[in-house]
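J.: Output the structure for:
(one chain, ligands or ions: 1)
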Amino acid sequence: MYKVLTLNNISIVGLERLPRDQYEVASEIQHPDAILVRSHNMHKMTIPPTLKAVGRAGVGVNNIPVTHLSERGVAVFNAPGANANAVKEVVLAGLLLAARNVCQAWEAAGALTGTDEEIHRQVEAQKKRFVGIELPGRTLGIVGLGAIGVQVANAALALGMRVVGYDPQITVQRAWALSAEVEQATSLDHLLSQADFLSLHVPLLEATQGLINRERLRSMKPGARLLNFARAEIVDEGAVVEAITEGKIAAYVCDFPSNRLKEHPQVIALPHIGASTYEAEENCAVMVAEQIREFLQNGNVQNS
Ligand code: MLT
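T.: From the prediction side, this is the model:
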């Protein structure tokens, strides 16, 4: 009997890939062979000596001590691409919300007081305050052309946007192979100088921590809108607040709320819901559960 410890709620559809007659799956279990995890921070936990594999039901592995586990011979699996559609859809929502100042306008409309007649009179002033921009012809810069970046590129192209991509590791040809007609930026700074919207889709690594710093925010096109559905640490939050206060960037849409961001009406900060759809949760759980099963039972590594 294989023992699998779940550190977060993992979709039942995925857990069903571990047959009950061969697997004991529970949130509290001694001597696990494998761990299934979503956002739980594993850096702080003691690694059980029986552990052979970890499955991250998502893409990023920054909550997992990958090097330490690899040194101990523990295989680490993730679910690349399994939640790409979910993230793409929330990025599209972010693009539209930021282009049309929807959240600020909604909040202001909710604060209107008086009779309906008085409210209707105030609406005129609000219309002037929340004039937005349209997407066709605007440039979307995408940093990171993995599964999510390419899906975002395709969706933006369908909306009539010009898309320019930059990836420190992979060339734009990969996006072309996935039929996204993305133009290639020669450098990140080249991308920043052109983008009306900038969307980040790189993993959190030493090289990407603070990638969008004060200097880079300064080299962005005035009035650009920044979207971060990757990881909070990729953007220097203090610098982004400064850039917004100075009117350098028009909006910051991210998936990571914080006290510092709360104060700013041009910030839309969501509670890490980018991959939170029933479909994505199922896809990720199925992908990692199957990888764990294949590894424990047959020693096969499908992705690690
Ligand atoms: C990811 O890395 O794919 C996301 O963080 C998934 C999640 O929200 O758990």
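J.: now the strands: where do they sit in this structure?
T.: Using DSSP state E, the strands assigned to the chain run over residues 2-6, 23-26, 34-37, 53-56, 75-77, 139-143, 162-166, 183-184, 197-200, 224-228, 249-254, 267-269.
J.: tell me which strands and helices the third one is in contact with?
T.: Read that as strand 34-37. strand 2-6, strand 53-56, helix 278-298 (3 or more CB pairs under 8 Å, 6 or more residues apart in numbering; DSSP states H and E). (C-beta placed from N, C-alpha, C; glycine too.)
J.: Alpha carbons of it, in CSV - could you do that?
T.: The C-alpha trace of strand 34-37 is given here as CSV (Å, rounded to 0.1, in the frame of the first residue of the first chain):
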residue,chain,number,x,y,z
ALA,A,34,4.6,10.8,-1.8
ILE,A,35,3.2,14.2,-1.0
LEU,A,36,0.6,16.1,-3.1
VAL,A,37,0.8,19.8,-2.5
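J.: Can you give the distance of that strand from its chain's centre?
T.: In terms of CA atoms, centre = their mean, to the nearest Å, the centre of strand 34-37 is set 21 Å apart from its chain centre.
J.: Over to the first one?
T.: Using CA atoms, centre = their mean, the distance from the centre of strand 2-6 to the centre of the chain it belongs to is 27 Å.
J.: can you give me the angle that strand makes with helix 278-298?
T.: When axes from the mean of the first three to the mean of the last three CA atoms, to 10 degrees is applied, the directions of strand 2-6 and helix 278-298 differ by 150 degrees.
J.: Say whether the ligand is contacted by strand 2-6.
T.: No: shown here: strand 2-6 not in contact with the ligand (CB under 6 Å from any ligand atom), separated by at least 13.3 Å.
J.: Sheet partners, orientation included, of that strand?
T.: Sheet pairing of strand 2-6 (DSSP bridges) gives strand 23-26 (parallel), strand 34-37 (parallel).
J.: what does the shortest one give?
T.: Using DSSP bridges, the neighbouring strands of strand 183-184 in the sheet come out as strand 162-166 (parallel).
J.: Excluding its own residues, what touches the strand it pairs with? List them.
T.: The contact list for strand 162-166 (CB atoms under 8 Å, 6 or more residues apart in numbering) reads 137-143, 145, 149, 153, 156-157, 172, 175, 180-185, 187-188, 190-191, 194-195.
J.: Please flag which of those residues sit within helices.
T.: Residues of these located in helices (DSSP state H): Gly149, Ala153, Ala156, Leu157, Val172, Ala175, Leu188, His190, Leu191, Gln194.
J.: Take those residues and write them to JSON lines, including neighbour count.
T.: Formatted as JSON lines, the ones in helices among the contacts of strand 162-166 follow (neighbours: other CB atoms under 10 Å):
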{"residue": "Gly149", "neighbour count": "31"}
{"residue": "Ala153", "neighbour count": "27"}
{"residue": "Ala156", "neighbour count": "25"}
{"residue": "Leu157", "neighbour count": "16"}
{"residue": "Val172", "neighbour count": "21"}
{"residue": "Ala175", "neighbour count": "24"}
{"residue": "Leu188", "neighbour count": "18"}
{"residue": "His190", "neighbour count": "15"}
{"residue": "Leu191", "neighbour count": "23"}
{"residue": "Gln194", "neighbour count": "17"}
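J.: Show me the two of those residues that sit farthest apart.
T.: Taking CB to CB as the measure, the ones in helices among the contacts of strand 162-166 span a maximum distance of 20.9 Å, between Leu157 and Leu188.
J.: Count residues in the vicinity of Thr277, would you?
T.: 16 (other CB atoms under 10 Å).
J.: which one is it nearest to, not counting chain neighbours?
T.: Ala86 (4.3 Å; CB to CB, 6 or more residues apart in numbering).
J.: Next, work out how far apart Thr67 and Leu261 are.
T.: 31 Å (CB to CB, to the nearest Å).
J.: let me redo that: Gly238
T.: 10 Å.
J.: Name the residue in the two with the higher neighbour count.
T.: Leu261 (19 against 11).
J.: Spit out the contact partners of the more buried one.
T.: Glu237, Val241, Tyr252, Cys254, Val267, Ala269.
J.: again, only this time at 7 Å
T.: Glu237, Val267, Ala269 (CB atoms under 7 Å, 6 or more residues apart in numbering).
J.: just to revisit the earlier point, nearest to Leu15, out of the helices and strands packed on strand 34-37?
T.: Using CB to CB, the helices and strands packed on strand 34-37 put helix 278-298 closest to Leu15, at 6.4 Å.
J.: follow-up on the earlier one: what's near enough to touch the residue nearest to Thr277?
T.: Ala86 neighbours (CB under 7 Å, 6+ apart): Gly274, Ala275, Thr277, Glu279, Ala280.
J.: right, and His264 touches Val241 too?
T.: Yes: assessed by CB atoms under 7 Å, His264 is found in contact with Val241 at 6.4 Å.
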